[in-house]
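Provide a 3D model corresponding to the input given below.
(2 chains)
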Number of protein chains: 2
Amino acid sequence: MKKKALIVLAPGFEETEAIVPMDALRRSEIDVTIAGLGGQMVTGAHGVTVKADVVFADYKDIPDAVVFPGGMPGAENLASSTKVKELIAKMDSEGRIIAAICASPALVLAPTGILKGRTATCYPGLEKNFSSDVKVTKDKVVQDGNIITSRGPATAFPFGLKIAENLVGKAKAQMVAEQMLYEK
Amino acid sequence: MKKKALIVLAPGFEETEAIVPMDALRRSEIDVTIAGLGGQMVTGAHGVTVKADVVFADYKDIPDAVVFPGGMPGAENLASSTKVKELIAKMDSEGRIIAAICASPALVLAPTGILKGRTATCYPGLEKNFSSDVKVTKDKVVQDGNIITSRGPATAFPFGLKIAENLVGKAKAQMVAEQMLYEK
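Model prediction:
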């Protein structure tokens, strides 16, 4: 059975940070659902409107991985959603992959408390949103247990590929990296 | 007055190759129009549906730069459009920027003849579509006069930034590269 990933788009999402991981995950033959927070048509931070596969409120599954793009006010909109918070808590309790990039590690994950005692990264300048017991690095992608964090638009490639690697293995993710012409 | 760029999306366009250049160009304060070939709702090669700003048939302007993403059958759909061919001929005659990535240098630009005597690149394996008087390289991005070509999804960053550099200058493009955390 195919692994399942969920990408949650809120109004003001960063387009590159949503589309590049989607591309890497679908090329990895992962069953990706794009869910729209607040509706099926969602407009990103740079004015691109994407038609989501489902409205987030109607999504009842628990995926193998959830992906939170950054972007403003996208990350703030994700952070204020009760359903997002509940999904993060549920997935963390089951050890499922929770992936966030750019503003989202700081604004969406940090307030839930799941980063306590963990290593993480985020968009430069937003580190102050982490509590003092989070170990912050400047790596492009950080994985600590089931939590994957990354920095910004140009790190969306290694971010998406790291999520893929967790769901379908290193060999498949490496094949997709080559197909996309990604070089570390 | 703002410089104008046009990104043409045909059904089956490669999502990353459309969205990353859009992101780099709009961050560079270029006036970007996304035009949909065949309709305003266009679905990419990996199933993402984007709502274009305009239907391509209704676009009457001559932009400072036109961008052709790759993807299959996106590139084939672009190649079979008379209006795409007319726009390329018109823009080349005026020395305006024509940018194509992945399958599009080989399938969209090459048949029009504008690459004759020029240096270009494309997705690995598609070089055979160039006539013998095109000098093919494996560089991530190649600019020869007004024509910019690039290789695939992961080269969409330097591709988008090179287009931006031509329209708004090196300093501004470098600022956007830093904002997007892009490192060469």
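
any idea how far the residue lying farthest from the centre of chain A is from A:Ile114?
What lies farthest from the middle of chain A is A:Ser132; by CA atoms, centre = their mean that is 22.7 Å. Using CB to CB, to the nearest Å, A:Ser132 is found at 16 Å from A:Ile114. C-betas here are computed from N, CA, C, even on glycine.

Roughly how far does the closest residue to A:Ala99 other than its chain neighbours sit from A:Asp139?
In space, and not counting its chain neighbours, A:Ala99 is closest to A:Ile148: 4.2 Å by CB to CB, 6 or more residues apart in numbering or on different chains. A:Ile148 sits 11 Å away from A:Asp139 when distances are taken as CB to CB.

The two: who's more crowded?
Shown here are A:Ile148 and A:Asp139; by other CB atoms under 10 Å in any protein chain shown, A:Ile148 has more neighbours (25 against 15).

you'd agree A:Cys122 is up against A:Val108?
No: the criterion here is CB atoms under 8 Å, and A:Cys122 misses it with A:Val108 at 10.1 Å.

Who has more neighbours out of the two?
Ranked by neighbour count (other CB under 10 Å), A:Cys122 and A:Val108 place A:Cys122 first, with 32 against 28.

so how far is A:Ala106 from the more buried one?
Counting by CB to CB - A:Cys122 and A:Ala106 are separated by 4 Å.

Can you pull the residues that touch both of those two?
Common neighbours of A:Cys122 and A:Ala106 (criterion: CB atoms under 8 Å, 6 or more residues apart in numbering or on different chains): A:Asn129, A:Phe130.

and the spatially most central residue of chain A, what element?
Centroid-nearest residue in chain A, with CA atoms, centre = their mean: A:Val67, separated by 2.5 Å. Assigned by DSSP states H and E, A:Val67 belongs to strand A:65-68.

quick one: average pLDDT of the helix or strand just after that strand?
Per DSSP H and E, the first helix or strand lying C-terminal to strand A:65-68 is helix A:74-79. The average pLDDT within helix A:74-79 is 98.

does any part of helix A:74-79 sit near chain B?
No: using CB under 8 Å from any CB of the partner chain, helix A:74-79 stays clear of chain B, with a minimum separation of 13.2 Å.

that older thread, separation between the residue nearest to A:Ala99 and A:Leu161?
Separation of A:Ile148 from A:Leu161 (CB to CB): 11 Å.

Equivalent analysis for A:Lys4, please.
In this structure, A:Lys4 and A:Leu161 are 18 Å apart, going by CB to CB.

What separation is there between A:Leu167 and chain B?
According to CB to the nearest CB, to the nearest Å, A:Leu167 and chain B sit 16 Å apart.

Nearest spatial neighbour of that residue, chain-adjacent residues omitted?
Nearest non-adjacent residue to A:Leu167, counting by CB to CB, 6+ apart: A:Lys3, 4.1 Å away.

tell me the contacts of that neighbour?
Shown in contact with A:Lys3 (CB under 8 Å, 6+ apart): A:Ile30, A:Asp31, A:Asp64, A:Ala65, A:Leu167, A:Val168.

The fourth one and B:Gly47, how far apart?
This points to A:Ala65. Separation of A:Ala65 from B:Gly47 (CB to CB): 18 Å.

Pick out whichever of those two has more residues nearby.
Ranked by neighbour count (other CB under 10 Å), A:Ala65 and B:Gly47 place A:Ala65 first, with 24 against 12.

what pLDDT does the more buried one get?
In this prediction, A:Ala65 carries a pLDDT score of 99.

Which residue comes closest to it once chain neighbours are left out?
Spatial nearest neighbour of A:Ala65, chain neighbours left out: A:Ile97 (3.7 Å); criterion: CB to CB, 6+ apart.

ok, A:Gln179 touching A:Arg27?
Yes: using CB under 8 Å, A:Gln179 makes contact with A:Arg27 at a distance of 6.3 Å.

Tell me which of these two has more neighbours.
Set A:Gln179 next to A:Arg27 and count neighbours by other CB under 10 Å: A:Arg27 wins out with 23 against 16.

In space, what's closest to that one - neighbours in sequence excluded?
Once flanking residues are discounted, A:Arg27 sits nearest to A:Val176: 4.6 Å by CB to CB, 6+ apart.

same check, this time on A:Asp61
Counting by CB to CB, 6+ apart, A:Asp61 lies nearest to A:Lys4, which is 6.7 Å off, once chain neighbours are set aside.

For that neighbour, give me its contacts.
Per CB under 8 Å, 6+ apart, neighbours of A:Lys4: A:Ile30, A:Asp31, A:Val32, A:Thr33, A:Asp61, A:Pro63, A:Asp64, A:Ala65.
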